[in-house]
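**Student:** just coords:
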């Protein structure tokens, strides 16, 4: 529209002062170039050429000539025009020409990123305070991301935001940097060093996307930290989300994740406190079950065995049976412990194939529990079911010792059983819990059947406060 208006307005120009006519022709040429009207742009530039008397006029003219040449695919002519601008002595245009030359080299891969960064950093230090600086910062941000220098990229955004947060250039840069932030913390790009990742997250968490995608991003980062055994940092991230961002079922779910990390870090009291303060009257049934399992484990860890068992009343499934086995094991009720461990394994003995680490641990705990309960019949049944599968594992010798008949037990049994008792029962459960619950998508209140979660948990709360 501007280019068309310029063409219609030329006839009225003759009665205006020369400076006004000059400004009009410059604006017309720029508008025509922006809209791809090259013939109109060339005509306007031909008029300007006759009256470019000042350094500013000459510099502005050759910047437009470079744009027109570049649009026509004549890179060499564009570069030549910009190099002429560098000799005009007009500093604003010189700064613009340096940026445009860097942009051409960036676009055409005509210079290595390191060189372009150096050129643009020098320009950013020398020229500040207008839209050109915003463009320089944006290109620097892209180059920093390309070089995986994310801190410098996000600092470039902060500089642009401080200059003019509402400018379209800044808003576009914010979107690009937010995409880069999302990419590095979602794990889809090469992982950062863990402490670097945490520092980067906290320094630039204003880039965290709003809503579910941002919450999933934090959860992904926390999971990466758990994998690196940085449990304190992982829990800190999730608790911050619980306290500052989340509502509804997602808040209860992430609180359960953080409580689980507290459990891994041998802090059951902190886990219980977090679970208690994030209770809600209505939650998805699967989430209620998940939180109840976790709370039962935590109660057992703080020595409240009866409450731990009571909380599992009516909860069925292999993981619930495993928790029961751990509770009875820690309280010395070996008969019930063995029964629960075997129930958690189901018909695994009949399916064949190698047992997992967790499955072998439950088999060996069941063997010790049957032996300590003097249940020779149960022990014989366990040998019948699992001897062949255990024989193919690295725990073959240990199982033979633990599952031996009473008359064949000796000091070896005591040594292996003591070693097994020295391994926290909770560790096996937490490994399974992490894989099953902490790596699943966030729940959605609107897409899940809700149930009442008050009464079962109130019983545990009253008991804990007693």
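**Tutor:** Sure thing, it's come through. Predicted model, so just to flag it, every value in this text is computed and none were measured.
**Student:** would you mark the buried spots in stretch 296-316?
**Tutor:** By neighbour count on 16 or more other CB atoms under 10 Å, the buried set for stretch 296-316 is 296-301, 304-305, 307-309, 311-312, 315. Any C-beta I mention is one placed from the backbone N, CA and C, and that applies to glycine too.
**Student:** meant to ask about stretch 136-149, not that
**Tutor:** The neighbour-count check on stretch 136-149 (16+ other CB under 10 Å) flags 136, 137, 138, 139, 140, 141, 142, 143, 144, 145, 149 as buried.
**Student:** same question for stretch 283-300.
**Tutor:** So, applying 16+ other CB under 10 Å, buried residues of stretch 283-300: 283-284, 287-300.
**Student:** hang on, the earlier thing: so which of the buried residues of stretch 136-149 sit within helices?
**Tutor:** 136, 137, 138, 139, 140, 141, 142, 143, 144, 145 (DSSP state H).
**Student:** nearest to residue 171, of the buried residues of stretch 136-149?
**Tutor:** Distances from residue 171 to the buried residues of stretch 136-149, taken as CB to CB, are shortest for residue 138 (10.4 Å).
**Student:** I'd like the distance between the residue lying closest to the closest one once chain neighbours are set aside and residue 165.
**Tutor:** Excluding its sequence neighbours, the residue lying closest to residue 138 (CB to CB, 6 or more residues apart in numbering) is residue 173, at 4.3 Å. As for residue 173, its distance to residue 165 is 10 Å (criterion: CB to CB, to the nearest Å).
**Student:** the more surrounded of the two?
**Tutor:** Per other CB atoms under 10 Å, whichever of residue 173 and residue 165 has more neighbours is residue 173, with 24 against 10.
**Student:** am I right that residue 283 is in a strand?
**Tutor:** Yes. Counting by DSSP: H, G, I helix; E, B strand; the rest coil, residue 283 is located in a strand.
**Student:** in the stretch 351-466 of the chain, where is pLDDT below threshold?
**Tutor:** 445-466 (pLDDT under 70).
**Student:** how about the helices in it?
**Tutor:** 357-372, 376-391, 396-402, 411-421, 425-437, 454-465 (DSSP state H, counting those that start in this stretch).
**Student:** residues in contact with residue 62?
**Tutor:** Residues counted as contacts of residue 62 (CB atoms under 8 Å, 6 or more residues apart in numbering) are 81, 82, 84, 85, 88, 97.
**Student:** isn't the fifth one right up against residue 58?
**Tutor:** In this case it means residue 88. Yes. Counting by CB atoms under 8 Å, residue 88 touches residue 58, with 5.3 Å between them.
**Student:** tally of neighbours for residue 60?
**Tutor:** If we define neighbours as other CB under 10 Å, then residue 60 has 23 of them.
**Student:** isn't it up against residue 96?
**Tutor:** No. Using CB under 8 Å, residue 60 is not in contact with residue 96; the gap is 9.1 Å.
**Student:** wait, a helix at residue 111?
**Tutor:** No. Secondary structure assignment (three-state DSSP) places residue 111 in coil, not in a helix.
**Student:** show me the contacts for it.
**Tutor:** Contacts were defined as CB under 8 Å, 6+ apart; by that measure residue 111 touches 102, 105, 119.
**Student:** can you tell me the helix or strand for the first one?
**Tutor:** What it means is residue 102. Assigned by DSSP states H and E, residue 102 belongs to helix 91-107.
**Student:** pull out the buried residues from that helix.
**Tutor:** Here helix 91-107 shows 93-106 as buried, counting by 16+ other CB under 10 Å.
**Student:** following element in sequence after it, please.
**Tutor:** Helix 91-107 is succeeded, C-terminally, by helix 113-126 (DSSP H and E).
**Student:** what's the angle from that following helix to helix 91-107?
**Tutor:** Angle, helix 113-126 to helix 91-107, by axes from the mean of the first three to the mean of the last three CA atoms, to 10 degrees: 160 degrees.
**Student:** what comes up buried for helix 113-126?
**Tutor:** In helix 113-126, counting by 16+ other CB under 10 Å, buried: 116, 117, 119, 120, 123, 124.
**Student:** equivalent analysis for stretch 351-365, please.
**Tutor:** 355, 358, 359, 360, 361, 362, 363, 364, 365.
**Student:** swap in stretch 382-400?
**Tutor:** For stretch 382-400, the neighbour count (16+ other CB under 10 Å) marks 382, 383, 385, 386, 389, 390, 393, 395, 398, 399, 400 as buried.
**Student:** how distant is it from the center of its chain?
**Tutor:** Between the centre of stretch 382-400 and the centre of its chain there are 41 Å (CA atoms, centre = their mean, to the nearest Å).
**Student:** do the same with stretch 243-252
**Tutor:** Averaged over its C-alpha atoms, stretch 243-252 has a centre that lies 17 Å from its chain's centre (CA atoms, centre = their mean).
**Student:** start and end of that stretch, how far apart?
**Tutor:** 11 Å (CA to CA, to the nearest Å).
**Student:** pull out the buried residues from that stretch.
**Tutor:** In stretch 243-252, counting by 16+ other CB under 10 Å, buried: 245, 246, 249, 250, 251, 252.
**Student:** in a strand, the second one, correct?
**Tutor:** No. According to three-state DSSP, the state of residue 246 is coil, so it is not within a strand.
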